[in-house]
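Enquirer: test case, fold it:
(chains A and B)
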There are 2 protein chains.
Amino acid sequence: MTTNQQILLDHRPQGAVTADCFRMIETPIGQPESAEILVRNHWLSLDPYMRGRISGEKSYAQGVDPGQLMVGGTVGQVIASASGRFKEGDWVLSASGWQTHALLPEKQALKLDPDGGVPLSAYLGVIGMPGITAWVGLMTICEPKAGETVVVDAASGAVGSVVGQLAKGEGCRVVGIAGGPDKCRYVVDELGFDLCLDHRAADFVEQLDRAVPQGVDCVFENVGGAIFEELLARMNPFGRIALCGMVSEINGSLHTYTRMRSILVNRLKLQGFIVSDHMKLWPEIREQLRTRVASGQIRYRESIVEGLTNAPQALVGLFEGRNFGKQLVKLV
Amino acid sequence: MTTNQQILLDHRPQGAVTADCFRMIETPIGQPESAEILVRNHWLSLDPYMRGRISGEKSYAQGVDPGQLMVGGTVGQVIASASGRFKEGDWVLSASGWQTHALLPEKQALKLDPDGGVPLSAYLGVIGMPGITAWVGLMTICEPKAGETVVVDAASGAVGSVVGQLAKGEGCRVVGIAGGPDKCRYVVDELGFDLCLDHRAADFVEQLDRAVPQGVDCVFENVGGAIFEELLARMNPFGRIALCGMVSEINGSLHTYTRMRSILVNRLKLQGFIVSDHMKLWPEIREQLRTRVASGQIRYRESIVEGLTNAPQALVGLFEGRNFGKQLVKLV
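Expert: The predicted structure follows:
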């Protein structure tokens, strides 16, 4: 009998996350009982939100304490079932965490259709939590109108890439911001953004001025900090800002903002949101995204590492911007 | 024949406004022609927005340049008419500026009913632009629900006083913030707020902690700066902040904000607004406010100086918080 490999939080990071914050253990694999299923995980999702969960700070979500299994979204296959809803061989999406196997109550799993025209790994990215995040922030908070200028940072990432493609679909002029020329080229050439600026460029601010001659109507903000301030200074009256993340502050270094007056003068709406507050919308949005991905209207890219043991280092890389597209761990 | 006394902007303030930024001139009084009226102003309104108009900075509203008549809301009486809509003796509300007389196109004046159960000066305060500002920010942006905690700063002022009384009417717990014990007493004893904190008190932050044990759901923000930061740190999930003014930054000293992360973590909505963007709502809101004032449900206080020559010094006092309630200049 094989064992379940699990990665636990060993200790909280001080500042930047390091791989030694985690440790692996092996545990026996149980058998499903009343309305449970046993799942062999094939894909584990790595996401920026994980930094908050291991920080020990009070937050909107239950944190992970040292000694506990790391949380994470997974796609896997049912290998034993005591559930009327699932049979062996079914593919499921769940939040079963950093482990190779998971014993789950049936109601914690969502059955996936392997013939839906999209690879199953996409349910962790472009048509999963990150893609739905993009939709909620852009479509329900920014509400972009044709002809408006939309800016999104972390533009090649799992969320930003979908934001920009959705905004193009609404008839907007879309400017991405990403780290490095390769990502910028991908964002324009593959994803179809109008423009992408490298925030590491020495003349980034001048590039931004040239990129938004008509000002900015909508911002989908993943990064915060200095980039966000530059955008605040260029907002048009009645602009909308969906605040999705502040990855620049993710290791606890708080930026000081001086341009808040733009919110008053330009009558901006700045709204923070978290996609799990909008679970009722997920099935409809997922279907909208699936259709667009299946037809090729929305494209995406995955950054894959192999093996659970490499998950900690891949998470570190995510916070350093070393991933390119949705970061996944392939477990099988 | 008497002359029209007018106060012009002499030069822009450097930092704080001083009375010598203004000068008075006398000009001949014209006679109304085709669809014009001649108005003798009785009341001039002084308001925080005037600082922005004389700053020379690009803004949402047309600024006042040196040598131009100062802008301001006025209530006056028609003394000559070439308009079918108005006759001599009619009372009118207009934006005719810092002058004793005004020659106006008829469409720039709103006829007031002197028998409406409220003094006509109220059309410049509690049922005028400031009162309507309170309504728009509180009712359309904050949308407070019964039982929620609402905080408003500059609570004894023309806007804040109405915000708090409206919020009480919605069944909220209302905490005011004002400068000094006299204003705080007035806010609680006369206006019926649950509590009012003196932001000048040495233990203001501790007082605030005790005042909002359940956190803050809605903020009507008139001040910005350090007070706003303290409120940001105490917001409940899904809180709403109507950003109406940042009088703490009004002389050009920008505060640096470090607690923006609260907007993300607590999924706040922060929205700047300016009441003149909502002109379509004014007649309905004014009538709602007039009814409440006439019935005594909403109370207010005026701070009155006599004579146009005293307007500059009274404006200086407004920015120093020396007014108590709505600041008016009585011209007749």
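
Enquirer: around chain B, pick out the residues from the stretch 201-332 of chain A.
Expert: Contacts of the stretch 201-332 of chain A with chain B, taken as CB under 8 Å from any CB of the partner chain, map to A:224, A:237, A:243-246, A:249, A:254-261, A:263-274, A:277. Any C-beta I mention is one placed from the backbone N, CA and C, and that applies to glycine too.

Enquirer: how close does A:Arg286 get to A:Leu138?
Expert: 15 Å (CB to CB, to the nearest Å).

Enquirer: ok, A:Cys21 next?
Expert: 33 Å.

Enquirer: picking up where we left off before, just the buried ones from the residues of the stretch 201-332 of chain A next to chain B?
Expert: By neighbour count, with 16 or more other CB atoms under 10 Å in any protein chain shown, these hold A:224, A:243-246, A:249, A:255, A:257, A:259-261, A:263-274 as buried.

Enquirer: so A:Ala201 sits against A:Gln207, correct?
Expert: Yes. Using CB atoms under 8 Å, A:Ala201 makes contact with A:Gln207 at a distance of 6.2 Å.

Enquirer: settle it for me: which of the two has more neighbours?
Expert: A:Gln207 (17 against 14; other CB atoms under 10 Å in any protein chain shown).

Enquirer: my guess is that one contacts A:Cys196. True?
Expert: No. Using CB under 8 Å, A:Gln207 is not in contact with A:Cys196, being 10.0 Å away.

Enquirer: got the residue ranges for the helices in chain A?
Expert: Under the criterion DSSP state H, chain A contains helices at A:49-53, A:129-135, A:160-169, A:181-189, A:204-211, A:225-232, A:261-265, A:282-294, A:311-319.

Enquirer: what's the closest of these to A:Pro13?
Expert: A:Pro13 lies closest to helix A:49-53 among those, at 8.0 Å (CB to CB).

Enquirer: could you chop chain A up by domain?
Expert: As assigned by automatic domain parsing, chain A contains the domains A:4-123+A:301-330, A:129-276.

Enquirer: endpoints of the shortest one, how far apart?
Expert: With CA to CA, to the nearest Å as the measure, domain A:129-276 spans 8 Å from end to end.

Enquirer: what mean pLDDT does that domain have?
Expert: Averaging pLDDT along domain A:129-276 yields 95.

Enquirer: try stretch A:306-324
Expert: On average, stretch A:306-324 scores 94.

Enquirer: mind checking the end-to-end distance for that stretch?
Expert: 15 Å.

Enquirer: give me the contacts around stretch A:267-285.
Expert: For stretch A:267-285, the surrounding residues in contact (CB atoms under 8 Å, 6 or more residues apart in numbering or on different chains) are A:60-61, A:129, A:131-133, A:135-137, A:140-141, A:232, A:235, A:237-244, A:262-263, B:60, B:263-274, B:277.

Enquirer: now do the same contact list for A:Leu332.
Expert: In this structure residue A:332 is Val, not Leu. A:Arg40, A:Asn41, A:His42.

Enquirer: most neighbours, which of those?
Expert: For the contacts of A:Val332, neighbours tallied by other CB under 10 Å; top is A:Asn41, 25 neighbours.

Enquirer: report the separation between that one and A:Trp91.
Expert: 11 Å.

Enquirer: need the overlap of contacts for the two.
Expert: Common contacts of A:Asn41 and A:Trp91 (CB under 8 Å, 6+ apart): A:Val75, A:Gly76.

Enquirer: highest mean neighbour count out of the domains of chain A?
Expert: domain A:129-276 (a mean of 21; mean count of other CB atoms under 10 Å in any protein chain shown).

Enquirer: list the contacts of A:Pro312.
Expert: A:Ile7, A:Ala19, A:Asp20, A:Cys21, A:Phe22.

Enquirer: let me have the residues you listed in CSV, extended by pLDDT and distance to A:Ala155.
Expert: Formatted as CSV, the contacts of A:Pro312 follow (pLDDT from 0 to 100; distance: CB to CB, whole Å):
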residue, pLDDT, distance to A:Ala155
A:Ile7, 98, 30
A:Ala19, 97, 27
A:Asp20, 97, 31
A:Cys21, 97, 28
A:Phe22, 98, 29
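
Enquirer: find the nearest non-adjacent residue to A:Glu36, please.
Expert: Nearest residue to A:Glu36, sequence neighbours excluded (CB to CB, 6 or more residues apart in numbering or on different chains): A:Ala82, at 5.4 Å.

Enquirer: ugh, wrong one, A:Pro130
Expert: In space, A:Pro130 is closest to A:Ala158, 3.6 Å off (CB to CB, 6+ apart).

Enquirer: I'd say the one you found and A:Ile127 touch.
Expert: No. With contact defined as CB under 8 Å, A:Ala158 does not reach A:Ile127; the gap is 10.7 Å.

Enquirer: who does the closest residue to A:Asp153 other than its chain neighbours bridge with?
Expert: Among residues not flanking A:Asp153 along the chain, A:Ile177 sits closest, at 4.0 Å (CB to CB, 6+ apart). Beta-bridge partners recorded for A:Ile177 (DSSP bridges): A:Asp153, A:Leu197.

Enquirer: state the distance from the spatially closest residue to A:Leu44 that is not a sequence neighbour to A:Glu36.
Expert: Nearest non-adjacent residue to A:Leu44, counting by CB to CB, 6+ apart: A:Val329, 4.1 Å away. Distance check for A:Val329 against A:Glu36: by CB to CB, it reads 24 Å.

Enquirer: kindly report the same for A:Ala61.
Expert: Using CB to CB, A:Ala61 is found at 24 Å from A:Glu36.

Enquirer: next, the contact list for the residue nearest to A:Glu36, please.
Expert: Applying CB under 8 Å, 6+ apart to A:Ala82 gives the contacts A:Gln31, A:Pro32, A:Glu33, A:Ser34, A:Ala35, A:Glu36, A:Ile37.
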